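Chemist: pasting the sequence and the predicted model now:
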Amino acid sequence: MPGAPNNPDPAPDDGRIRGEVESVVFHNEENGYTVLKLRLDGKRSGDPVTVVGNIPSVTPGENLTATGRWIQDRQYGRQFRAERIAAEAPQSAKGIERFLGSGLIEGIGKEYARRMVDKFGTEIFDVIDTASQRLEEIEGIGPKRRKQIKESWKQQKAVREIMVFLHSQGIGSARALRIYKTYGEEAVAILRGDPYRLARDIPGVGFKTADDIAQRMGLAPDSPKRLAAGLHYALREAAGQGHAALPPEELLKIAANALGTGVDPLQPVLETQLRGAELALDRPGGGDRALVYLPEMLASEKAVALRVRQLASRPAAYPAIDAERAIAWFEKKTSFSLGAEQRDAVATAVRSRFLVITGGPGVGKTTILSAVLQILAAKKVDPVLCAPTGRAAKRLSESTGRDAATIHRLLEFQPGGGFARNRAKPLEGDVFVIDEASMIDLWLMHRLLDAIPDRGHVLLVGDVDQLPSVGAGSVLRDLIDSGAVPVARLRQIFRQAEASRIVTAAHAINEGKMPDLDAADPESSDFFFVEREDADKTLDTLLQVVADRLPARFGYDPFEAIQVLSPMNRNSLGTRNLNAVLQARLNPPAELKLEVERFGVTYRAGDKVIQTRNNYEKEVFNGDIGRLVEITTEPVKITVRFDSGHRAVYEPGELDELQLAYAITIHKSQGSEFPAVVIPLSTQHFVMLQRNLLYTGVTRGRKLVVLVGEKRALSLAVRNQESRRRHGGLRERLAGDGV
């Protein structure tokens with residue numbers, strides 16, 4: 001209206017206000033819920049007003065326009081409840097100084113913000129954007145700090161654009177930084193073009209979220225693009241549950257359920273995907289069973305089968321070794337007599353190109369490995385040792401006295417993706433020893449075998465009765481069952497191992513028998529069962545055992561020596577609740593202890609944490625356990641020191657890679673050993689009570705295992721040998737011609 005003031009004072013019933021953000025009282029990055037103090041335009045004196053609403057990102061100094069209504073909150077008094085908030089760049093010199101000094105931009109604190117605004121005034125944003133070299137005119141800013149400011153400014157602009165886009169699509173913004181790192185400045189354009197890429201590329205973003213975005217953007221529920229995305233999602237989900245492929249009818253059923261459609265509309269889309277080689281239909285080994293694969297999974301399965309058959313069909317590449325004389329030499333040198341099974345395994349190992357050694361605890365796998373390595377070293381044969389995880393590699397190195405690496409490190413993973421070692425640039429060495437082979441999935445076995453030189457030998461060591469790999473495939477089981485490679489299966493428990501009730505209990509469980517629950521000598525026993533009649537009492541006792549009893553009786557540190565293993569994540573005895581109650585008991589909040597809340601979890605300095613996925617840039621891998629040693633502010637950074645001694649730094653948006661690790665699932669414990677293991681057993685875990693799960697958990701304890709809970713749950717787990725078969729065709733390909 002002509003003559004009206006630009007910034008009229010708001011009346012109490014005005015539904016729209018505008019002003020400059022003076023401070024942010026609270027901001028939840030997950031859902032955008034915000035409480036802030038706003039200095040209203042035209043009101044430069046007096047107290048700022050309180051505004052409550054949702055905005056994906058907000059920084060002091062910014063200008064806001066909010067639409068909503070004034071309310072009188074009983075506890076907090078008068079405040080503006082905003083239904084919509086829009087932010088724009090600060091315009092006043094004071095606002096710009098507050099914005100730059102908020103800690104949002106790396107390399108700029110309050111002092112540098114003041115210097116920059118004093119020098120360039122309200123033009124400072126243009127200077128950073130288009131003439132950043134001029135920042136070096138400011139005292140204290142050299143080339144290094146200038147580049148840091150420029151890069152951080154560029155990243156924050158892109159991240160904030162992504163956050164606004166995601167917020168407009170109805171999802172939280174805590175993963176904005178990860179999305180930016182994945183897609184760069186093209187993030188919004190990529191997501192507008194194919195929102196389903198979020199589910200494929202960004203950990204923690206599910207198919208339903210991506211599907212909701214796609215439909216908000218106008219994609220029809222029966223669109224072939226949406227239905228095809230559902231088929232691919234079903235196969236990726238199946239891979240996460242261990243399946244290399246799915247029968248067509250099962251694939252259609254799972255996809256239809258995820259999409260909320262019938263099976264009929266999906267059939268023609270599946271046929272189109274197969275014709276276009278977006279998906280692959282194959283009959284492993286030329287049999288009758290048809291399976292649908294993601295193309296890369298089919299390629300891995302075929303490559304593993306062909307490479308194994310190639311290696312297993314060849315004689316040893318080094319000069320022939322007289323096994324009997326070599327074994328006698330080892331026994332004399334070590335003053336140790338091998339058992340009959342061990343002698344056979346050593347003899348087979350020194351003359352085979354490909355061998356699997358499998359067996360439970362106490363059967364002498366380590367002794368066999370030591371014998372083989374000493375014999376080969378005496379013959380100038382170069383061994384290379386590796387394992388799937390850092391903990392397993394460390395244990396392998398300690399038991400053999402030789403260097404051992406993770407498979408990823410051995411293959412020289414590249415930050416941009418892929419491995420430097422492959423058929424074109426094979427590994428160097430003669431015999432490749434791979435421990436904890438039950439953990440190796442199809443994809444990783446493909447990459448490992450691809451890098452084995454043609455003259456190389458492979459010795460796989462593992463316990464096939466443990467849980468299979470977390471990833472797709474049952475590689476070790478399929479190798480053994482196929483009959484395509486020699487297998488040394490060890491069953492005899494050695495006399496010194498028989499003294500361990502952990503060992504005898506594990507073997508009893510594996511044979512489907514209840515372990516002896518009555519300790520003959522409680523003072524010297526290493527295996528205990530503490531019976532409790534329900535979940536609540538089990539939880540109370542578990543807390544006492546971890547926090548009080550074991551530290552008092554054995555001197556075990558609850559953080560460093562004791563590991564709680566649960567069959568599952570859910571329910572009161574699942575890892576989520578156990579971590580909450582154990583954290584409250586072992587690492588409670590304190591006045592001077594910094595903490596960060598992300599993705600529904602509070603992290604404090606001192607917390608025990610576990611890495612939940614491979615992060616090659618940080619050089620930390622799925623299953624690595626460590627301690628959160630430091631939280632810094634402005635900007636927020638979280639530093640974790642892992643058991644290997646390696647330190648990794650996380651930004652808030654990356655915390656979905658970490659979980660509290662006072663309690664972890666038995667699946668996550670594969671490849672690890674702990675001085676003391678505590679396992680809750682309850683019928684609330686009914687769906688997960690399986691023999692191989694309990695067996696794996698018990699064999700994780702090196703010095704002490706304590707089971708706490710219901711005897712009925714223990715009995716159910718021991719009796720239940722049903723282990724869902726994984727769909728795939730590796731066994732048939734190994735037994736046939738490899739294709």
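Modeler: Here it is on my side, so go on.
Chemist: any chance you could map the strands in the stretch 1-150 of the chain?
Modeler: Ranges of strands within the stretch 1-150 of the chain are 16-27, 33-40, 49-54, 63-73, 77-88, based on DSSP state E, counting those that start in this stretch.
Chemist: scan the protein for its longest helix.
Modeler: Looking across the chain with DSSP state H, the single longest helix is helix 143-168.
Chemist: after the one helix or strand residue 326 maps to, next one along is what?
Modeler: Assigned by DSSP states H and E, residue 326 falls within helix 323-334. Tracing the chain past helix 323-334, the next element assigned as helix or strand by DSSP H and E is helix 340-351.
Chemist: distance from the chain centre to that next one, please.
Modeler: 38 Å (Cα atoms, centre = their mean, to the nearest Å).
Chemist: just stretch 393-413 next, same as before
Modeler: For stretch 393-413, the distance to the chain centre is 20 Å (Cα atoms, centre = their mean).
Chemist: what are the buried residues along it?
Modeler: 393-397, 399-400, 402, 404-408, 410-411, 413 (16 or more other Cβ atoms under 10 Å). All C-beta atoms are positioned from the backbone trio N, CA, C, and that covers glycine.
Chemist: ditto for stretch 493-510
Modeler: So stretch 493-510, judged by 16+ other Cβ under 10 Å, has buried residues 493, 497, 500-510.
Chemist: stretch 443-462 too?
Modeler: Result for stretch 443-462 [16+ other Cβ under 10 Å]: buried residues 443-452, 456-462.
Chemist: equivalent analysis for stretch 154-161, please.
Modeler: 155-156, 158-161.
Chemist: which of these lies closest to residue 420?
Modeler: Checking the buried residues of stretch 154-161 against residue 420 by Cβ to Cβ gives residue 155 as the nearest, at 28.3 Å.
Chemist: the closest residue in space to the closest one that isn't next to it in sequence: which element?
Modeler: Leaving out its chain neighbours, the residue that sits closest to residue 155 by Cβ to Cβ, 6 or more residues apart in numbering is residue 180, at 6.6 Å. Assigned by DSSP H and E, residue 180 belongs to helix 176-183.
Chemist: strands of the stretch 301-450 of the chain, residue ranges please.
Modeler: According to DSSP E, counting those that start in this stretch, the strands that the stretch 301-450 of the chain contains are 354-359, 383-387, 404-406, 431-434.
Chemist: those: lowest mean pLDDT?
Modeler: When mean pLDDT is averaged over each of the strands of the stretch 301-450 of the chain, strand 404-406 scores lowest at a mean of 92.
Chemist: got a list of contacts for that one?
Modeler: Strand 404-406 has contacts (Cβ atoms under 8 Å, 6 or more residues apart in numbering) with 385-390, 393-394, 396-397, 435, 621.
Chemist: residues touching residue 66, list them.
Modeler: 16-18, 38, 51, 53, 80, 82, 84-86.
Chemist: cutoff 10 Å now
Modeler: 15-19, 36, 38, 49, 51-53, 55, 80-87 (Cβ atoms under 10 Å, 6 or more residues apart in numbering).
Chemist: with residue 309 instead?
Modeler: By Cβ under 10 Å, 6+ apart, the neighbours of residue 309 are 354, 482, 484-485, 733-739.
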